[in-house]
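In: curious how this folds, go ahead:
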Amino acid sequence: MNRIFFAFALIIVSKFHAQTWKNDEQYIQKFAAYAVEEMEKYKIPASITLAQGLLETGGGQSRLAQIGKNHFGIKCKEDWTGKTMKHTDDAPNECFRVYDDPKESYEDHSKFLAYRKYYVNLFKLDMKDYKAWAHGLKKAGYATNPRYAYILIDKIEKNRLYEFDNTNSKEVLYTVLKLYPGLRDDKIFMAQLDQSKASSKPVTVKVPYEQTSYAKQQEKVEKIKTRAEVLNSILVKNHPNGGKKFVIIPEDADLSLVSKKFGISESKLMKWNELDGTQLRKNDVLFLESKSSSGNVASYKAKVGESMHDVSQKFGIKLSKLYSKNRMAYGEQPKAGQLIYLQEKKPRS
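Out: The predicted structure follows:
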């Protein structure tokens, strides 16, 4: 029995790795040209950019990449005036940038590194030394994972991404073909390659990304789904603050639907989430148990239009405790940029 189980597990794991590898290959073929073009403009190794893109998007499969064309997990920040989307990362429903094209995401990533003081020392490194860049990114605080540099290096070496550090935007398609000779049978790719021969301009691989994107497929599916069916697909998540169970509401709905789905009375859901009505809105955070009395971080700066209830839900803190910690009258709302205390009480002035 153990042997049979092991063999079955091996097949499953093999299929998973095969699919992951396929996703990585397709990602490289689609976006290598963008990475090389950014290398020419901003002097960032194409291998590093591609490895970060592969890692951030899971080979192009992440929700942020497929819906928001955001390949590097760049959050809104104060200076962003473009389109946005909500996505759960360090906290529920955080604000992330949305781009019209993945190419914009690649350039924004380059600017993120080139124009921030934390990364100035990276540009003193040899542009072909991807190992030094990987360790430099970790040292500069780009990621918290202690193995981040080694993960990038592993991505680069497994996929031979260093080949793209030695090419240019005119020759990048030849480098792609060198890595994936099977593309000779791909008529679309070979047509692009022929076109690049006659052009002296940098080559950008045009991929029918929109036609196959998750967003468009999802749009078609949602049209035939009822609201109840959408709610049935809700996944229960654990909040970073104490592991409290919560869900994100995918569509406007009545609280009764959530109550029935999880077998929790409406009165309890209203009490735990400090609701004054039963109408839920898309992207609302709804806790399935009582929230914590304190936060998992010390403080937070309120954003434009955020209410105390928004902050309470975002950080999983009881609203009454949040008011108390900040010495604010119940119902009073924060101003944009106001420091909200999440653990200790605000010092008396």
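In: now the spatially closest residue to S292 that is not a sequence neighbour: which helix or strand?
Out: In space, and not counting its chain neighbours, S292 is closest to G242: 4.7 Å by Cβ to Cβ, 6 or more residues apart in numbering. Yep, even glycine has a C-beta here, placed from its N, CA and C like the rest. Using DSSP states H and E, G242 maps to neither a helix nor a strand.
In: next: K178.
Out: helix 172-179.
In: what kind of secondary structure is the residue nearest to L235 when sequence neighbours are not counted in?
Out: Nearest residue to L235 in three dimensions, chain neighbours excluded: V247, at 7.2 Å (Cβ to Cβ, 6+ apart). Recorded secondary structure, V247: strand (DSSP: H, G, I helix; E, B strand; the rest coil).
In: for V247, list each beta-bridge partner.
Out: Applying DSSP bridges to V247 gives these bridge partners: L286.
In: hmm, N283 and it touching each other?
Out: No - in this structure V247 lies outside contact range of N283 using Cβ atoms under 8 Å: 11.1 Å.
In: between those two, who's got more neighbours?
Out: V247 (20 against 15; other Cβ atoms under 10 Å).
In: what about that one, distance to E289?
Out: According to Cβ to Cβ, to the nearest Å, V247 and E289 sit 11 Å apart.
In: thinking again about what came up before, show the contacting residues for the residue nearest to L235.
Out: For V247, the contact set (Cβ atoms under 8 Å, 6 or more residues apart in numbering) comprises 234-237, 258, 285-286, 288.
In: which pLDDT value belongs to it?
Out: In this model, V247 is scored at 86, pLDDT.
In: and the pLDDT for P202?
Out: For P202, the model assigns a pLDDT of 44.
In: can you give me the strands in the stretch 1-150 of the chain?
Out: 84-87, 94-97 (DSSP state E, counting those that start in this stretch).
In: pull out the buried positions in the first one.
Out: Neighbour counts over strand 84-87 (16 or more other Cβ atoms under 10 Å) mark 84-85, 87 as buried.
In: remind me which residues of the stretch 101-250 of the chain are low pLDDT?
Out: 187-188, 191, 195-233 (pLDDT under 70).
In: quick one: contacts for G316?
Out: For G316, the contact set (Cβ under 8 Å, 6+ apart) comprises 239-242, 244, 246, 287, 291-292, 295-296.
In: give the burial count for K117, as a bare number.
Out: Residues within reach of K117, counting by other Cβ under 10 Å, total 7.
In: tell me the spacing between it and G141.
Out: 11 Å.
In: ok, and the closest non-adjacent residue to M190?
Out: Leaving out its chain neighbours, the residue that sits closest to M190 by Cβ to Cβ, 6+ apart is R184, at 6.6 Å.
In: the one you found in helix, strand or coil?
Out: Once three-state DSSP is applied, R184 turns out helix.
In: that one: neighbouring residues, count only.
Out: So R184, with other Cβ under 10 Å, has 11 neighbours.
In: that one contacts L177, doesn't it?
Out: Yes - contact criterion Cβ under 8 Å: R184 and L177 qualify, at 7.1 Å.
In: quick one: contacts for the spatially closest residue to I264 that is not a sequence neighbour?
Out: Closest residue to I264 apart from its sequence neighbours, by Cβ to Cβ, 6+ apart: L288 at 6.2 Å. By Cβ under 8 Å, 6+ apart, the contact set of L288 is 236, 245-247, 262, 264, 269, 272.
In: roughly how far apart are I248 and I74?
Out: 21 Å.
In: buried set for the helix holding K178?
Out: Quick answer for helix 172-179 (16+ other Cβ under 10 Å): 172-173, 175-177, 179.
In: would you format those as CSV with distance to I153 included?
Out: Shown next, in CSV, are the buried residues of helix 172-179 (distance: Cβ to Cβ, whole Å):
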residue, distance to I153
V172, 22
L173, 25
T175, 20
V176, 21
L177, 25
L179, 18
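In: any idea which of the contacts of G316 has the most stuff around it?
Out: That'd be G295 among the contacts of G316, by other Cβ under 10 Å, with 26 neighbours.
In: go ahead and confirm that residue touches F315.
Out: Yes - counting by Cβ under 8 Å, G295 does reach F315; the two are 4.9 Å apart.
In: what residues are shared contacts of these two?
Out: Shared contacts of G295 and F315, counting by Cβ under 8 Å, 6+ apart, come down to 241, 342.
In: ok, so what distance separates I156 from L54?
Out: In terms of Cβ to Cβ, I156 sits 9 Å off from L54.
In: hmm, back to that, can you select the buried ones from the contacts of L288 in ChimeraX?
Out: Paste this into ChimeraX to select the buried members of the contacts of L288, with burial taken from 16+ other Cβ under 10 Å:
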select :246,247,269,272
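In: quickly name whichever of the contacts of L288 is closest to N145.
Out: Nearest to N145 among those is F246, at 24.7 Å by Cβ to Cβ.
In: could you pull up the residues touching the closest one?
Out: Taking Cβ under 8 Å, 6+ apart as the test, what F246 contacts is 92, 236-239, 285-288, 316.
In: so which of those are in helices?
Out: Among those, the subset assigned to helices under DSSP state H is empty.
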